[in-house]
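**Student:** Sequence and predicted structure are below.
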Amino acid sequence: MKRTKIKILLSSPATGSDVLVKGWVRTKRGNKNIVFIALNDGSTIKNIQIVADASMFDDGLMRDITTGACLEVTGELVESQGQGQNVEIKAKTIVLYGKSDAESYPLQKKGHSMEFLREIAHLRPRTNTFGAVLRIRHSMAFAIHKYFNDKGFYYLHTPIITGSDAEGAGEMFHVTTFDLADVPKNKDGSVDYSGDFFGKPANLTVSGQLEGELGALAIGEIYTFGPTFRAENSNTPRHLAEFWMIEPEMAFYDIEDNMDLAEEFVKYLIRYALENCKDDLEFLNNMIDKGLLERLAFVLNNKFIRMTYTEAVKILEDSGRKWEYAVGWGRDLQAEHERYLVEEHFKCPVILTDYPKAIKAFYMKQNDDGKTVRAMDVLFPGIGEIIGGSQREEDYEKLLSRIRELKLPEKDLWWYLETRKFGTAPHSGFGLGFERFILFVTGMSNIRDVIPFPRTPKNAEF
């Protein structure tokens, strides 16, 4: 007999037929005559109840069926006599694949703190919460590829190992084959990279954007979706050292086109989640964040307000609020400012544009005022900035001037500059941090809880 996933059995039950299920025991209860086993196989947040007549099974087998054990069960799918489920399985055979020591198994029926579950990240996917998060994460990854494929974008694989720092921040992980206890040095004390694998300094990428632009300036519209790395020593609920980024880049898009795409994109993803992850979202709404479904509907049902950074600063200055971080033209906005604009002032998502040149990256298109750039940030409730992007500077002289102004290594960006010499074109793009987005869609409060194995300062377990 072929195994049927529990999700299928619960969604289209054909009672009266024999079925085969496999999964892990969530709970077991009963008496010497009858045993009720809640079995879950990860296909759905819901369990299926196994009803076992104790007289049909070996006493030792029944004792070994404890929380966490793995079973194969064949039996008849019948209408349930109890509450909470429509169908259950009347067991005929039970095979114990793997025992689970009841004394030491860390996932018991009581609730566990998120901090504790991070310490057992190899087991936490078996909890309801993390099963839901991982299924939603998968659905969102699939929806991202579907959205861009259906719009005619091409998926571009940009390098993980790179010689350039796209953000100019310098917080990068170095890649080397050198023995770190014996690094060769030049006479001036600097590292001699001539004998290293790449013959030059190399790092893990902080963004696929620069290489993404190369693709857009050849095949029109591309997107990247891959891991990125920041060696930021930030122990906050919003930072990871390893995370995933979605970065579309589009030839012939201006800033308005870019904003249109960003709004359509996130609304598509949220709609997909609501249509395809209903059970998991309802669970998270009930158990983790009571306002989750309301907040998702809030983004879906509102047109995003668009305004300049300058206008936003004036609103913040006139609000009468006392801010933890000072507000003023030329200062970067913090989450408290962004959330005020979205949650209190406008009561809808906001896209801010035209930021001061001094606080934005070198590649953003400069406006005619000489002070601002054609940047755009999308602000969401509960989270602040969720997307950052811009129209890219396509003018060779302006881009070169900005690189020199910021004292960036011109020799490492020669290839990027050349795209402005050979058939340059207006183009735009943005970046969406996948984990930041999953935080929003799941209602989880810590970014370490929306990636299977978080990488943070002093933590590279599992």
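**Tutor:** Arrived safely, thanks for sending. Note that the coordinates shown come from a computational prediction; the quantities given were computed from them, not determined experimentally.

**Student:** Okay, now the unreliable bits of this protein?
**Tutor:** By pLDDT under 70, the weakly predicted segments of the chain are 13, 165-170.

**Student:** which residue ranges form the helices in it?
**Tutor:** Taking DSSP state H as the test, the helices found in the chain are 6-11, 59-64, 114-119, 128-150, 209-219, 255-276, 278-287, 292-301, 309-317, 335-339, 396-405, 414-418, 434-442.

**Student:** CA atoms of the third one as PDB?
**Tutor:** Once side chains and other backbone atoms are set aside, the C-alpha atoms of helix 114-119 remain, and they are given as PDB (Å, rounded to 0.1, in the frame of the first residue of the first chain):
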ATOM      1  CA  MET A 114      11.700  30.600  21.700                       C
ATOM      2  CA  GLU A 115      15.200  31.000  23.300                       C
ATOM      3  CA  PHE A 116      15.100  27.300  24.400                       C
ATOM      4  CA  LEU A 117      13.900  26.200  21.000                       C
ATOM      5  CA  ARG A 118      16.900  28.000  19.400                       C
ATOM      6  CA  GLU A 119      19.200  25.800  21.400                       C
END
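
**Student:** one step back: redo the helices of the chain as TSV? Include mean neighbour count and distance to residue 377.
**Tutor:** In short, each C-beta sits where N, CA and C put it, glycine included. Converted to TSV, these look like this (neighbours: other CB atoms under 10 Å; distance: least, CB to CB, whole Å):
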stretch	mean neighbour count	distance to residue 377
helix 6-11	17	38
helix 59-64	12	56
helix 114-119	15	28
helix 128-150	18	20
helix 209-219	21	15
helix 255-276	18	10
helix 278-287	17	26
helix 292-301	17	15
helix 309-317	17	8
helix 335-339	19	8
helix 396-405	15	20
helix 414-418	13	23
helix 434-442	23	12
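
**Student:** Nearest to residue 327, out of these?
**Tutor:** Closest to residue 327 of these is helix 309-317 (CB to CB; 4.5 Å).

**Student:** hang on, the earlier thing: for residue 96, which of the helices of the chain is the nearest?
**Tutor:** Smallest distance to residue 96 across those (CB to CB): 5.7 Å, for helix 59-64.

**Student:** got a list of contacts for that closest one?
**Tutor:** Helix 59-64 is contacted from outside by 35, 52, 54, 94, 96, 99, using CB atoms under 8 Å, 6 or more residues apart in numbering.

**Student:** Buried by neighbour count, from those residues: which ones?
**Tutor:** 35, 52, 94, 96 (16 or more other CB atoms under 10 Å).

**Student:** Contact partners for residue 323?
**Tutor:** By CB under 8 Å, 6+ apart, the neighbours of residue 323 are 316, 334, 336-337.

**Student:** Repeat that for residue 428.
**Tutor:** 249-250, 253-255, 257-258, 389-392.

**Student:** Now, the contacts of helix 59-64 that are in strands?
**Tutor:** 35, 52, 94, 96 (DSSP state E).

**Student:** Can I get these in TSV including distance to residue 420?
**Tutor:** Below are those laid out as TSV (distance: CB to CB, whole Å):
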residue	distance to residue 420
35	72
52	71
94	68
96	66
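
**Student:** related to what we said a few turns ago, now the contacts of residue 428 in JSON lines, please, with extra columns for distance to residue 23.
**Tutor:** Formatted as JSON lines, the contacts of residue 428 follow (distance: CB to CB, whole Å):
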{"residue": "249", "distance to residue 23": "43"}
{"residue": "250", "distance to residue 23": "44"}
{"residue": "253", "distance to residue 23": "47"}
{"residue": "254", "distance to residue 23": "52"}
{"residue": "255", "distance to residue 23": "50"}
{"residue": "257", "distance to residue 23": "48"}
{"residue": "258", "distance to residue 23": "45"}
{"residue": "389", "distance to residue 23": "43"}
{"residue": "390", "distance to residue 23": "48"}
{"residue": "391", "distance to residue 23": "51"}
{"residue": "392", "distance to residue 23": "50"}
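
**Student:** Among those, name the buried ones.
**Tutor:** 249-250, 253, 255, 258, 389-392.

**Student:** Among the residues you listed, which pair sits farthest apart?
**Tutor:** Among the buried ones among the contacts of residue 428, 249 and 255 lie farthest apart (CB to CB), at 13.7 Å.

**Student:** From the opening residue of stretch 199-210 to its closing one, how far?
**Tutor:** 22 Å (CA to CA, to the nearest Å).

**Student:** Show residues contacting it.
**Tutor:** Residues contacting stretch 199-210 (CB under 8 Å, 6+ apart): 156, 158-167, 169, 171-176, 191, 193, 196, 224, 226, 228-230, 245, 247, 249, 363, 413, 416, 429, 431.
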